[in-house]
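Colleague: Here you go, sequence then predicted model.
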Amino acid sequence: MNIVIASDQFPTEQCGGAASVAGMHAKELARRGLNVRIFTTTQNKSDVGVVRFDGMDVFRAYSKYPERWRAWRSVNNPSVVNKFKDILDDMKPDIVHFHNVHHHISYASIKSAKTRSPKVFLTLHDVMSFHFGKLCEKSFIRPEDTSVRDVFDYKISALDNIRLSKKRYNPFRNMAIKKYLGFADKLIAVSRALKDAVGQNGISNVEVIRNGIDAENWVIDESEATNLKQQLNIRERPTILFVGRLTGAKGGDVMLKALDMIIRKVPKAVLLVVGDGGRAYKNRFQGKIDYVRFVPSVAYSEIKKYYHCSDVVVVPSLCFDSFPTVNLEAMACAKPVVATHFGGSPEAVEHENTGYVVNPLNIESLSSCVIDLLLDTEKAKRFGEAGRQKVLGELNLVSHVDSLYNLYKSV
């Protein structure tokens, strides 16, 4: 079986999110003896061409354009689509499986794949198939309601998208995307929440297959964590970990407020932010400099050490977070998680078993859950071990790829 995995990003040194999932997907298929090749894009002309990644060919096409054209180029990026056609004509794959295409590869490539391959699949990792950005609308978030909900309004109107994109708005974008999605044999949502969200916005033919992780790759020697804590000057300090870009949508504002409450109860607590903290948030945290550590850039292969330095991991997103990889990584490292109820986190984090699920708008609830796990180390350990068992079981990488492979054969 010849399979092409296509994703906007596929760095040989993996990053998080969809690119990480695409990498794990490709490697596991190759491990099973399938002929796997990767098509991706680069924004550096010097990187165009073919490189090897874990024994697989990675084809890189050049794509770089002003961000203001994204609403148009994400639908059809001719130079990349034409290069993709040439590669497919040469490879003659049995299956083409897309991950993210909404920046460079573009949705038009799905049609090109269907005319050159018997079976085509697209994994939806986010809401970009119907939205122009992150889903943070008031109708969805409902700022007046701080309860933990399980029913949400995901419907986005043209007016919502116009407000978000302003002069960059493309009135034909969503209609064109739906047309191109129709060429896929099956769309795959990474969570039930995402399937509901795309369904409320008129996208069907969707099956849920949640991402998995190889938990064994997240084990380290305890001395590595001890040494890192020493370097960060946080040894013997209860540590809260945030991984990713610290923005308002990802919970930067609520985390800033929650930290005030946390350090009143746990004076030695420290917030470790691994990722781009953003200048605005670094400035806002200045008054609490002793309680925050910013680590702006970490190789993906090294990030497990930071999880093992922590006592609790927070995912306080105030946007639709489809199925955060951070949850799985934390659980693989046997760390309890305090996660948002917006998106697919409740499908990974079991409330009062592997962590807590909260509405981040309820700052008191967010902070009290973090405090509880910092002070009750036995509970934190119990939750962490339960989380690790969950990723060793139902959310493991082998089961994830088994589900994909079974879908390949059934369609």
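Modeller: Good, I have the coordinates.

Colleague: Do a quick rundown of the helices in the stretch 151-300 of the chain.
Modeller: 158-165, 173-181, 192-200, 222-231, 252-265, 279-284 (DSSP state H, counting those that start in this stretch).

Colleague: looking at the ones you listed, which is closest to Lys114?
Modeller: Nearest to Lys114 among the helices of the stretch 151-300 of the chain is helix 173-181; the distance by Cβ to Cβ comes to 9.4 Å. Quick note: C-beta positions are derived from backbone N, CA and C, even for glycine.

Colleague: packing partners for the closest one?
Modeller: Applying 3 or more Cβ pairs under 8 Å, 6 or more residues apart in numbering; DSSP states H and E, we find helix 173-181 packed against helix 108-114.

Colleague: angle of the helix or strand just after the helix it packs on against helix 173-181?
Modeller: Remark: after helix 108-114, the chain's next helix or strand is strand 119-124, criterion DSSP states H and E. Inter-element angle recorded for strand 119-124 and helix 173-181: 140 degrees (by axes from the mean of the first three to the mean of the last three Cα atoms, to 10 degrees).

Colleague: could you point out which element follows strand 119-124?
Modeller: helix 138-141.

Colleague: Report the mean confidence score over that following helix.
Modeller: Averaged over helix 138-141, pLDDT sits at 96.

Colleague: And that helix, what's buried?
Modeller: 140-141 (16 or more other Cβ atoms under 10 Å).

Colleague: And for it, what's in contact with it?
Modeller: 152-155, 318-320, 342, 361 (Cβ atoms under 8 Å, 6 or more residues apart in numbering).

Colleague: ends of stretch 234-247, how far apart?
Modeller: From its first residue to its last, stretch 234-247 covers 24 Å (Cα to Cα, to the nearest Å).

Colleague: can you check stretch 59-73 too?
Modeller: 20 Å.

Colleague: Check stretch 308-326 too.
Modeller: This stretch, stretch 308-326, spans 13 Å end to end (Cα to Cα).

Colleague: Same question for that stretch: list its buried residues.
Modeller: 308-326.

Colleague: Now render the helices of the stretch 151-300 of the chain as CSV, adding mean neighbour count, distance to Ile95 and mean pLDDT.
Modeller: Listed next are the helices of the stretch 151-300 of the chain as CSV, based on neighbours: other Cβ atoms under 10 Å; distance: least, Cβ to Cβ, whole Å; pLDDT from 0 to 100:
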stretch, mean neighbour count, distance to Ile95, mean pLDDT
helix 158-165, 15, 32, 93
helix 173-181, 18, 17, 98
helix 192-200, 20, 22, 98
helix 222-231, 14, 39, 95
helix 252-265, 19, 40, 94
helix 279-284, 14, 42, 74
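
Colleague: As CSV, these with distance to Ala330 would be great.
Modeller: Listed next are the helices of the stretch 151-300 of the chain as CSV, based on distance: least, Cβ to Cβ, whole Å:
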stretch, distance to Ala330
helix 158-165, 30
helix 173-181, 32
helix 192-200, 19
helix 222-231, 14
helix 252-265, 16
helix 279-284, 21
